[in-house]
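any chance you can model this:
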Amino acid sequence: MYVAGSYTQNDLIREIDAAENGLTSRFTKDGVITDAAEQRYWRELIEKASFGRNTVLYDDQGNPSVMVVIPAFTEADVLDEGANLPHPAFIVNGAVKGQIYISKYPNAYKGSGTSLRAYSLKNVDPGNSITFDNAILACKQKGTGWHLMTNAEWAAIALLSRKQGFMARGNNNGGKDINVPSEKGVPSYIYSGAVGRTLTGSGPIAWSHDGTPFGIHDLNGNVWEWVGGLRLNVGEIQVLADNNAADNTKDQSAASTEWKAILQDGSLVAPGTANTLKIDSPAAGKGVSEDLGAPFINTAITNSMNPANTASTEYLGYGQTTFETLAAKSGVTIPKILRLLGVAPAFADCGADLFYARNYGERCALRGGHWSLGSDAGVFFLDLNGLLSNSNVYSGFRSAFVQL
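As a prediction, this is how the structure comes out:
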């Protein structure tokens, strides 16, 4: 789709913005797009305007989604110690994928129950107040290959960005970036009299994962984003193998046998196996499980416990630190797989993004941070605290697609 010529950055932004705003306007006014010729028109328009880096995919109902095409890359492309093997994000059910498609924007959603569908469009209010299970459902019901963006995919994008020397900014301070307050998005939600969420993609290109108008937008702030394929279960770090969570037929429920724990050599084993890696209790006498086997986090993690709530186990055993200072206790090895999956730091500088975890019960993963977290938000932000039942104005999600 590349067309030779001389382009300024403003030319590029203007053309892709016009194409995407046109698609949003068309969908907002007239709804789903089911005519094959019209589907092709919008797809080719977006592909031409982005030189093939973006495309439009349609779900089973004809809801359009602007997607960013991410070609496969290796461990070594993003990790100094990496092998010349595909990053796990590009391996699904043992098959290597040449590319994955990530929603360019946090998703909005429509309908409920069996009609629930997610979609990725520019200049809409990010979907929010959705549980983890409904986020999975909104993506799964779009059709084969559609899925809730996985932690493996999120980590791949974060590592690629950092390796290339770019860290996306975003709406992490009431509609603007905490470090560059002149960078603002268009308000879409007011919270307690101040700007909260902003319209998807309405910030500058520095809010995309690669600093271009064709990158993945709003990974830093705006809304927390649920991701699949990663959880804590009573402190034990559990994942679905490779990027198998991209197969929407894989069960991610609490009792699923798809969940695997991790040994210090990086091998995946059944949950509950001896010496699997776990999030340790943040402070002696504070957690519900003082002896968690081979712990991952060191004892220096800050205890965030609220002493007034010691009667409730929901408030026991949690803490926080900056992502880049995560370390293992003496004698414990952090395997490469945890760095590839963005659960352990691969770089000395990860933007001082926040790591937050609770080792009580089952905890799902949230990424990116939200509009009021300031410097804690970012592409390496990881919150392993989410309950399946959590649903609030801060939390959203995005869909992804892989050819199965």
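
for stretch 99-107, output the C-alpha coordinates as PDB.
Extracted in PDB, the C-alpha atoms of stretch 99-107 (Å, rounded to 0.1, in the frame of the first residue of the first chain):
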ATOM      1  CA  GLN A  99       1.700 -11.300  12.600                       C
ATOM      2  CA  ILE A 100      -0.800 -10.400  15.200                       C
ATOM      3  CA  TYR A 101      -3.400  -7.600  15.100                       C
ATOM      4  CA  ILE A 102      -3.800  -5.300  18.100                       C
ATOM      5  CA  SER A 103      -6.700  -2.800  18.500                       C
ATOM      6  CA  LYS A 104      -5.300   0.600  17.900                       C
ATOM      7  CA  TYR A 105      -7.400   2.000  20.700                       C
ATOM      8  CA  PRO A 106      -9.000   0.900  24.000                       C
ATOM      9  CA  ASN A 107     -12.200  -0.700  22.900                       C
END
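
use 58 as the first number for this chain going forward.
All set: I'll call the first residue 58, so the last point we hit is now stretch 156-164.

which parts of it are buried?
Applying a neighbour-count criterion of 16 or more other C-beta atoms under 10 Å, one finds Ile157, Tyr158, Ile159, Ser160, Lys161, Tyr162, Pro163, Asn164 buried in stretch 156-164. C-beta coordinates here come from the backbone N, C-alpha and C atoms, glycine included.

swap in stretch 193-204?
Result for stretch 193-204 [16+ other C-beta under 10 Å]: buried residues Ile193, Leu194, Ala195, Cys196, Lys197, Gln198, Lys199, Gly202, Trp203, His204.

can you give the contact residues for that stretch?
For stretch 193-204, contacts defined as C-beta atoms under 8 Å, 6 or more residues apart in numbering pick out 116-118, 120, 164, 166, 171, 173-175, 184, 187, 205, 283, 285, 302-305, 309, 454, 456-461.

ok, Ile319 - contacts?
Ile319 neighbours (C-beta under 8 Å, 6+ apart): Ile294, Gln295, Val296, Leu325, Val326, Thr333, Leu334, Pro392, Ile394, Leu395.

I misspoke; the intended subject was Asp267.
Ser218, Gln221, Phe223, Ile273.

secondary structure class for it?
coil (DSSP: H, G, I helix; E, B strand; the rest coil).

for Ile159, see how far away it is.
12 Å (C-beta to C-beta, to the nearest Å).

any common contacting residues for these two?
Joint contacts of Asp267 and Ile159 (C-beta under 8 Å, 6+ apart) are Ile273.

now stretch 403-419: buried residues?
403-404, 407-408, 410-419.

what does the closest residue to Val284 other than its chain neighbours show for phi and psi?
Spatial nearest neighbour of Val284, excluding adjacent residues (C-beta to C-beta, 6 or more residues apart in numbering): Asn208 at 4.4 Å. With angles defined as degrees, to the nearest 10, Asn208 sits at phi -60, psi -40.
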